[in-house]
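K.L.:
Return atomic coordinates for the entry below.
(one chain, ligands or ions: 1)
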Amino acid sequence: MTTFPKIRMRRLRSNPLLRDLVRETRLDVGKLVQPLFVCPGSDVDRPISAMPGCSQMSIDRTVEKARMLSDLGIRSIILFGIPSVKDAVGSEASAENGIVPQAVRALKKAVPQMLVWCDVCLCEYTDHGHCGILHGDHVDNDATLPRLSAMALACAQAGADVIAPSDMMDGRVGAIRSTLDESGFQDAVIVSYAAKYASSFYGPFREAAESTPAFGDRRSYQMDPANSDEALREVALDLEEGADIVMVKPALSYLDVIRRVKDRFQVPVAAYNVSGEFSMIKAAAAAGWLDGDRAMREVLLSIHRAGADIILTYHGEELARAGA
Ligand code: PBG
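P.N.:
Modelled structure (predicted):
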């Protein structure tokens, strides 16, 4: 057996040129998706306290931000809307002149080279903060599907390139695909949040998107963190229903799930490096407990190495500025 001292693993680590030569994965700014929170008004830039560097921005500011991100090499943004009014069925989610469709129109006009993704979910738009229509305290799966389809259609009509349903209702990918196809949007891409877990790591996002449930939690529709076989079933079903790209969310506590999905299905896989994962690094770096830039790179690299082709991350702008 050929082994030490003939084999020396340190040989290929001995200088930066060699390390670079044998590096197996690299970060690519063009594969990052930057989430943005769009709110009503003009010239609004309201920092989100738990997510340093992120803000709720009005459409004019969002357009400026998108232009700057594009100049930095970022090619995709995903929009979350903060509506002016919320009600039981999330009416503004599907309104032609809702906050997100308006933003999409402005963005596609001003920054046409940017791929505009729309998160499709009712939780920011309902007064109770759940991701679907309620019957009593129960989130009614089938009654929610037409609402999600209507929201997806409003986004597609405004010019969205990518529709990304994040609600975890059963059958929503199929419902949305049919609605889009019937309306002439055969080419609108669906990225399904296929394996989305009921996670504590969404905490800061709920402040950012003002979408905390008024009662209970999301465990009757989002996945149990203990399961990964179930994630493969979710992915298989969403692909059958017509998803083009599948997502695992959150990323960091679910690297094993990302790898299983990538190994099983020969499709593009996205992962969402969620708000809590971002805030932990920011908080620790601010306290001087770790090197924020290195931690960010290590985390993003781990998600990529686990098998994610595309990464949704609040670090996008920062990484693009610093250079991948
Ligand atoms: C639901 C949605 C959530 C996130 C993205 N889409 C929150 C939730 O399910 O409670 C979380 C993203 C993050 O934490 O960064 N519309």
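
K.L.:
What segments of this structure are strands?
P.N.:
Taking DSSP state E as the test, the strands found in the chain are 32-38, 45-47, 55-57, 76-81, 115-120, 133-135, 138-140, 162-165, 189-196, 245-249, 269-273, 310-313.

K.L.:
could I get the ones you listed as CSV with distance to the ligand?
P.N.:
C-beta coordinates here come from the backbone N, C-alpha and C atoms, glycine included. Output for these, formatted as CSV (distance: least, C-beta to the nearest ligand atom, whole Å):
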stretch, distance to the ligand
strand 32-38, 7
strand 45-47, 16
strand 55-57, 14
strand 76-81, 7
strand 115-120, 5
strand 133-135, 15
strand 138-140, 12
strand 162-165, 9
strand 189-196, 7
strand 245-249, 7
strand 269-273, 6
strand 310-313, 8
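
K.L.:
possible to save the ones you listed as CSV with mean neighbour count?
P.N.:
Shown next, in CSV, are the strands of the chain (neighbours: other C-beta atoms under 10 Å):
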stretch, mean neighbour count
strand 32-38, 24
strand 45-47, 14
strand 55-57, 22
strand 76-81, 24
strand 115-120, 24
strand 133-135, 16
strand 138-140, 16
strand 162-165, 26
strand 189-196, 26
strand 245-249, 26
strand 269-273, 27
strand 310-313, 23
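
K.L.:
Please tabulate those in JSON lines and include mean pLDDT as additional columns.
P.N.:
Below are those laid out as JSON lines (pLDDT from 0 to 100):
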{"stretch": "strand 32-38", "mean pLDDT": "98"}
{"stretch": "strand 45-47", "mean pLDDT": "97"}
{"stretch": "strand 55-57", "mean pLDDT": "97"}
{"stretch": "strand 76-81", "mean pLDDT": "98"}
{"stretch": "strand 115-120", "mean pLDDT": "98"}
{"stretch": "strand 133-135", "mean pLDDT": "95"}
{"stretch": "strand 138-140", "mean pLDDT": "95"}
{"stretch": "strand 162-165", "mean pLDDT": "98"}
{"stretch": "strand 189-196", "mean pLDDT": "98"}
{"stretch": "strand 245-249", "mean pLDDT": "98"}
{"stretch": "strand 269-273", "mean pLDDT": "98"}
{"stretch": "strand 310-313", "mean pLDDT": "98"}
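
K.L.:
Can you tell me which of those strands is nearest to residue 295?
P.N.:
Residue 295 sits nearest to strand 269-273 of all the strands of the chain, at 11.9 Å, using C-beta to C-beta.

K.L.:
Do you have the helices of this protein handy? List them.
P.N.:
16-21, 59-71, 99-110, 141-158, 172-182, 203-208, 229-241, 255-264, 275-286, 292-306, 316-322 (DSSP state H).

K.L.:
how about these, which one is nearest residue 8?
P.N.:
Of all the helices of the chain, it is helix 16-21 that lies closest to residue 8, at 12.2 Å by C-beta to C-beta.

K.L.:
Same list as before, the helices of the chain that is, but in CSV and with mean neighbour count included.
P.N.:
Compiled in CSV, these are given as follows (neighbours: other C-beta under 10 Å):
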stretch, mean neighbour count
helix 16-21, 9
helix 59-71, 18
helix 99-110, 21
helix 141-158, 22
helix 172-182, 20
helix 203-208, 20
helix 229-241, 17
helix 255-264, 19
helix 275-286, 19
helix 292-306, 18
helix 316-322, 18
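
K.L.:
Need the contact partners of the lowest-mean-pLDDT helix or strand in the chain.
P.N.:
Within the chain, confidence by mean pLDDT, DSSP states H and E is lowest for helix 203-208 among all helices and strands, at a mean of 92. Helix 203-208 is touched from outside by 37, 48-51, 54, 56, 80, 211-212, 274-276, 278-279, with contacts defined as C-beta atoms under 8 Å, 6 or more residues apart in numbering.

K.L.:
Run the contact check for that helix versus the ligand.
P.N.:
Yes - Helix 203-208 lies within reach of the ligand by C-beta under 6 Å from any ligand atom, at 205, 206.
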